Structures are given as structure tokens and as C-alpha cells.
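J.: Mind folding the following:
(one chain, ligands or ions: 1)
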Amino acid sequence: MKTLIYTQPKLPYAPDALAPAISQETIDFHYGKHEKAYIDNLNKLIEGTPFEDMELEEIIRSSDGALFNNASQAWNHIFYFFTFSPEGASEPNGALRKAIDNQFGSFDNFKKDFVEAGVKLFGSGWVWLSADRDGKLVITQKSNAGNPLTDGLTPLLTFDVWEHAYYLDYQNRRSEALEKLWGIIDWDVVGSRYIFD
Ligand code: MN
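T.: Below is the predicted model of the structure:
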């Protein structure tokens, strides 16, 4: 019996609220069309299979091929878009701030390393900040639909570096597109994902 149908959550901000960092047009295409397609495909692919009763994270950890790609892209985009806020905390604080300062030397150094990892990722994918089991922070590059959940890590922050994420607003200027995201990250959301101290 089918118990789960994935639905697309409504964004917690207006579609023009993140401009100019992310325009309304990009939100409409990226969240309204690309993400909707991943969720629709996910629902089609799990129908009538043992995956239809699984939580999304479990599907991501135990699938491959088209199902993994659509499940992970569905999850990644919700994680990405729900990190933004037009008026969020502009810097990390608490335990996460301490970990960033300890491991990267400063918040500015962390931002530099993170953007560099995103710029150097060849092709489509995601750059991630995650925590390992001991709360140690790691920056990883993942191609295509890659997700640090499959490495046993706890994802904290991600930047989408697929061209569809920035081409309408920045064309080929990936570095500028990623830099602009710092202005709309809500660090209270990122910090709430870091449950170590
Ligand atoms: Mn995307």
C-alpha cells in the first residue's frame, strides 16, 4: 500500500524576496519547474516498489540510477532553498561558529574555501558543508545529484552549482553567483542543523 506521496513544500519567502542574489525568474524555473520535475519523477519511480514506504533519506541511502538521481535532487533542492531568507542571521554563531573558527581559522576563510570548492567542481553538482559523527566539519564536492548522506555525514549547507541554478542571473559567472549567496543564507537555519557542541 502506498503510504508516501512526496509533495513540494511552499517556500517560506516570496518568489522575489531573494533578488538580486536570486531573481524571481530563477526561483520560478529552478524551484517551480526543475524541482517540481524531480519530485514528480520520484513519485512515479517509487510507485508499486518497496521504496514507496520509505522515508526520502532512506531512499537516497539505498538506491541508485534514476531513482537515486531524482530522490537526491528532490531532497537537495528543498535543503538548499530552505536555507535562504531575505532577513536571516548573516553570520554563524554558537557551536557552529566555534567549529568554523577552529577548523578554518575564520568565517572569511571558510567562505573562501567553500566558494573555491564550488567553482572548481567540474560540471554539474553541489558543494557541501557537513559534519562527521564527531562534529568535525568537512567541505565536499559532489557531482550531479550527489549527497553527503550516502557518506554517513550530516549535511549543514549546500550551494547548487548546476548551471540552471545561476545561468539566468549570472550566465557563466559561477564564482559571482556563489559569492552573492552569502547575503541570503540564514545562519540560524544552518546552525540548527549542527547538533554538536
Ligand atoms: Mn538545481
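J.: list the contacts for the residue nearest in space to the middle of the chain?
T.: With distances taken as C-alpha atoms, centre = their mean, the chain has Tyr80 as the residue nearest its mean C-alpha position (3.2 Å). Applying C-beta atoms under 8 Å, 6 or more residues apart in numbering, we find Tyr80 in contact with 126, 158-160. Backbone N, C-alpha and C define where each C-beta goes, glycine included.
J.: for the residues you listed, which one is nearest the ion?
T.: Asp160 (4.2 Å; C-beta to the ion).
J.: now the closest one, nearest residue through space, not along the chain?
T.: Tyr80 (5.4 Å; C-beta to C-beta, 6 or more residues apart in numbering).
J.: what about the one you found, which helix or strand?
T.: Using DSSP states H and E, Tyr80 falls within helix 65-81.
J.: Can you mark which positions in that helix are buried?
T.: 67-81 (16 or more other C-beta atoms under 10 Å).
J.: Return the distance of it from the chain's centre.
T.: The chain centroid and the centroid of helix 65-81 are separated by 9 Å under C-alpha atoms, centre = their mean, to the nearest Å.
J.: ditto for stretch 52-61
T.: For stretch 52-61, the distance to the chain centre is 18 Å (C-alpha atoms, centre = their mean).
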